[in-house]
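1. The sequence and its predicted three-dimensional model are supplied below.
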Amino acid sequence: MSNLQFQAKNLYHSKVNFQEVLKQAVAGRKFIRAFGYVVRTKTGEETPFFDALSKIGIETRVRDLQEWYGGAKKADWDVGIVIDAIRTAPGVDVVILCSGDGDFIPLVEYLKNMGKKRLIELQKTVVALEARQKALYEKIDFQERGVRRYLTTIQKSYQEPVTEPFHFLDHERLEAPRRKVLGNRVDLGLQELEILRADLFDAHQLEIKIQEEKQQLAYLFQTLKEQESVLELNRQLQVDVLRKKQNEKMTQLKNYRKLKNAEAQVEALIKDFSARVELERSVEMEKGVSQAMIQSPFFKLKGHLCLPVVGGKILSAFGKSYDPLSGLTIFKKGIDVLAAGKEKVKAISVGKIAYSGEMPHYGKVVIIDHGDHFYSLYAHLGRTLKKTNEPVLKGEGIGLTSDSGTPLYFEIRARNVAVNPLQWVLN
């Protein structure tokens with residue numbers, strides 16, 4: 001904690017708002033635990049600070065300041081931080097490290113490798129599930145053919161011609177027990193089919209959850225890449241503070257933070273939209289959300305959507321890219337599309353305007369809710385043509401491109417995770 005305070009004082013001439021740091025770190029996720037690593041001196045003047053941290057939910061890890069012969073003072077928490085991070089990581093989805101020290105980059109790499117191991121485990125589970133689903137489909141097909149065969153035999157026994165009445169009685173005495181046996185087999189076959197289809201549904205649901213977790217892990221890896229760059233900048237800043245050459249790197253960090261704050265604002269908006277939908281559909285939603293996403297009309301359009309601007313030229317790809325303002329490699333969550341000025345920007349599919357207005361870094365923005373937790377975002381517009389909560393049809397104009405030459409920025413999100421728009425549109 002003292003490192004953060006030192007950095008804030010020297011770089012920003014200010015103090016750290018630890019409550020806001022905690023809020024930004026959690027970012028709407030489920031909060032588990034927060035550790036604050038602090039140093040206690042002989043005077044005990046830090047006690048009120050420790051109490052304040054505890055009140056906002058940060059557990060303090062306290063170490064006494066060691067004084068060495070010759071006047072040197074030290075209280076090194078590096079090993080303690082590493083041990084806590086490694087011990088905590090297997091039981092949580094995300095570990096967030098707030099430090100002004102670039103020495104923790106190897107720790108970040110180690111935690112990333114833990115996630116990669118999880119990805120390998122998930123992939124093995126998916127392969128096993130696919131084999132299981134194939135076997136279930138084969139069993140279902142076998143049972144269905146058996147039931148059809150029994151039903152056909154029962155139907156034929158009723159249709160056999162009998163000319164004499166006494167022959168009919170003899171025929172029924174023979175066929176009635178046989179039909180009963182076949183009927184019992186039909187019932188057993190239908191019961192088995194019901195069990196197999198339930199197993200298949202469970203396997204399908206599990207596969208969807210695994211694919212979602214894989215997508216989330218891949219998303220987190222990209223975020224970690226960005227954070228490594230920021231840690232390296234902070235490490236350089238510590239050196240540059242002494243050399244009085246920190247202005248350029250300070251500008252890089254400020255531009256990066258502006259970009260991240262703008263992205264966080266979009267994510268917060270979409271989380272808010274999702275929360276409202278969840279409240280309105282609170283009955284049996286948890287079990288059906290993933291299945292609804294896969295079966296939704298919007299998902300079925302994947303690979304068949306049109307770009308929001310007719311004849312638009314794609315300038316940048318989704319994923320890792322260099323940000324000239326911050327000088328960092330970032331994870332771009334959308335694509336830039338170049339078009340003529342004042343060109344009509346069209347909705348890629350039917351939906352409702354979830355947001356229409358201005359946002360920092362994005363300029364004029366329109367966000368469309370396509371249902372089942374799918375959203376599309378259109379930013380850097382010259383003008384918006386729709387208002388919040390208005391319905392919109394596929395191909396309907398929602399705005400105009402900027403006449404200043406700024407490309408249209410376009411995203412597609414599943415829940416609150418950005419997905420590659422190029423996998424959804426026809427190029």
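-> On my side now, so go ahead. Numbers count the residues shown, from 1 in each chain.
2. Buried ones in stretch 134-154, by neighbour count?
-> 136, 139-140, 143, 146-147, 150, 154 (16 or more other CB atoms under 10 Å). Quick note: C-beta positions are derived from backbone N, CA and C, even for glycine.
3. Can you tell me which of those lies closest to residue 298?
-> residue 136 (28.0 Å; CB to CB).
4. ok now the helix or strand containing the closest one, how far from the chain's centre?
-> Using DSSP states H and E, residue 136 sits within helix 105-159. A distance of 25 Å separates the centroid of the chain from that of helix 105-159, by CA atoms, centre = their mean, to the nearest Å.
5. now for it, which elements pack on it?
-> Here helix 105-159 touches helix 78-88, helix 165-243, going by 3 or more CB pairs under 8 Å, 6 or more residues apart in numbering; DSSP states H and E.
6. Where among these is average confidence lowest?
-> Mean pLDDT per stretch puts helix 165-243 lowest among those, at a mean of 74.
7. Adjacent strands (with direction) for the longest strand along the chain?
-> As assigned by DSSP state E, the longest strand anywhere in the chain is strand 374-384. Note on strand 374-384: by DSSP bridges, its sheet partners are strand 363-371 (antiparallel), strand 397-401 (antiparallel), strand 408-414 (antiparallel).
8. Dump these to TSV, plus mean neighbour count, mean pLDDT and distance to residue 356.
-> Output for the strands paired with strand 374-384, formatted as TSV (neighbours: other CB atoms under 10 Å; pLDDT from 0 to 100; distance: least, CB to CB, whole Å):
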stretch	mean neighbour count	mean pLDDT	distance to residue 356
strand 363-371	21	94	5
strand 397-401	22	95	8
strand 408-414	23	93	15
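9. Can you check which of these gets nearest to residue 111?
-> strand 408-414 (25.2 Å).
10. how far is the closest one from where the chain is centred?
-> 14 Å.
11. got a list of contacts for it?
-> Residues outside strand 408-414 that contact it (CB atoms under 8 Å, 6 or more residues apart in numbering) are 215, 266, 270, 293, 307-309, 312, 333-339, 345, 348, 362, 373-381, 401-402, 418-419, 421, 424.
12. And residue 396, how far from residue 360?
-> Applying CB to CB, to the nearest Å, the value for residue 396 to residue 360 is 27 Å.
13. what about these two, which has more around it?
-> Each of residue 396 and residue 360 has its neighbours counted (other CB atoms under 10 Å); residue 396 has more, 15 against 10.
14. For the more buried one, give me its contacts.
-> Contacts of residue 396 (CB under 8 Å, 6+ apart): 346-347.
15. how about the nearest residue to residue 125, chain neighbours excluded?
-> residue 210 (5.9 Å; CB to CB, 6 or more residues apart in numbering).
16. show me the contacts for the one you found.
-> 122, 125-126, 129.
17. do the same with residue 311
-> With CB under 8 Å, 6+ apart, residue 311 has these contacts: residue 339.
18. Next one, pLDDT for it please.
-> 89.
19. Same check on the one 4 residues further on?
-> According to the predicted model, the pLDDT of residue 315 comes to 90.
20. Tell me the helix or strand right after the helix or strand containing it.
-> Using DSSP H and E, residue 315 sits in strand 313-316. Once strand 313-316 ends, the next helix or strand along the chain (criterion: DSSP H and E) is strand 319-323.
21. Now that following strand: buried residues?
-> Buried, per 16+ other CB under 10 Å, within strand 319-323: residue 323.
22. quick one: low-confidence ranges for the chain?
-> For the chain, the stretches with pLDDT under 70 are 68-75, 100-103, 105, 114-119, 161-169, 213-214, 216-294, 325-329, 427.
23. related to what we said a few turns ago, now distance to residue 43 too, for the buried residues of stretch 134-154, in JSON lines please.
-> Shown next, in JSON lines, are the buried residues of stretch 134-154 (distance: CB to CB, whole Å):
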{"residue": "136", "distance to residue 43": "70"}
{"residue": "139", "distance to residue 43": "75"}
{"residue": "140", "distance to residue 43": "75"}
{"residue": "143", "distance to residue 43": "79"}
{"residue": "146", "distance to residue 43": "85"}
{"residue": "147", "distance to residue 43": "84"}
{"residue": "150", "distance to residue 43": "89"}
{"residue": "154", "distance to residue 43": "94"}
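24. Let me know the closest of these to residue 39.
-> The shortest gap between residue 39 and any of the buried residues of stretch 134-154 belongs to residue 136, at 59.5 Å (CB to CB).
25. Relative to residue 155, how far out is the closest one?
-> Distance from residue 136 to residue 155, counting by CB to CB: 28 Å.
26. Can you list the residue ranges for helices in the stretch 251-400 of the chain?
-> For the stretch 251-400 of the chain, applying DSSP state H, counting those that start in this stretch gives helices covering 285-295.
27. if I pick residue 49, what's in contact with it?
-> Taking CB under 8 Å, 6+ apart as the test, what residue 49 contacts is residue 38.
28. So which bits of stretch 384-393 are buried?
-> If you call a residue buried by 16+ other CB under 10 Å, then stretch 384-393 has these buried ones: 384-386, 392.
29. Which members of those are the farthest-apart pair?
-> The widest separation within the buried residues of stretch 384-393 (CB to CB) is 11.7 Å, between 384 and 392.
30. Report the set of residues contacting both of these two.
-> In contact with both residue 384 and residue 392: residue 398, using CB under 8 Å, 6+ apart.
31. gap between residue 415 and residue 369?
-> 12 Å.
32. what does residue 108 give?
-> 35 Å.
33. give me every residue that touches the closest residue to residue 337 other than its chain neighbours.
-> Distances taken as CB to CB, 6+ apart put residue 312 closest to residue 337, at 4.1 Å, once the chain neighbours are dropped. By CB under 8 Å, 6+ apart, the contact set of residue 312 is 337-339, 343, 408.
34. Export those as a markdown table, with columns for distance to residue 19.
-> Converted to a markdown table, the contacts of residue 312 look like this (distance: CB to CB, whole Å):
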| residue | distance to residue 19 |
| --- | --- |
| 337 | 40 |
| 338 | 43 |
| 339 | 44 |
| 343 | 45 |
| 408 | 38 |
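35. and of these, the nearest to residue 55?
-> Nearest to residue 55 out of these is residue 408 (CB to CB; 46.4 Å).
36. who does the closest one bridge with?
-> Here residue 408, judged by DSSP bridges, has bridge partners residue 337.
37. which one of the buried residues of stretch 384-393 is nearest residue 191?
-> Nearest to residue 191, judged by CB to CB, of the buried residues of stretch 384-393 is residue 392 at 47.5 Å.
38. Distance of that closest one relative to residue 8?
-> 45 Å.
39. phi, psi of residue 63?
-> Per-residue torsions, residue 63: phi -130, psi 140 (degrees, to the nearest 10).
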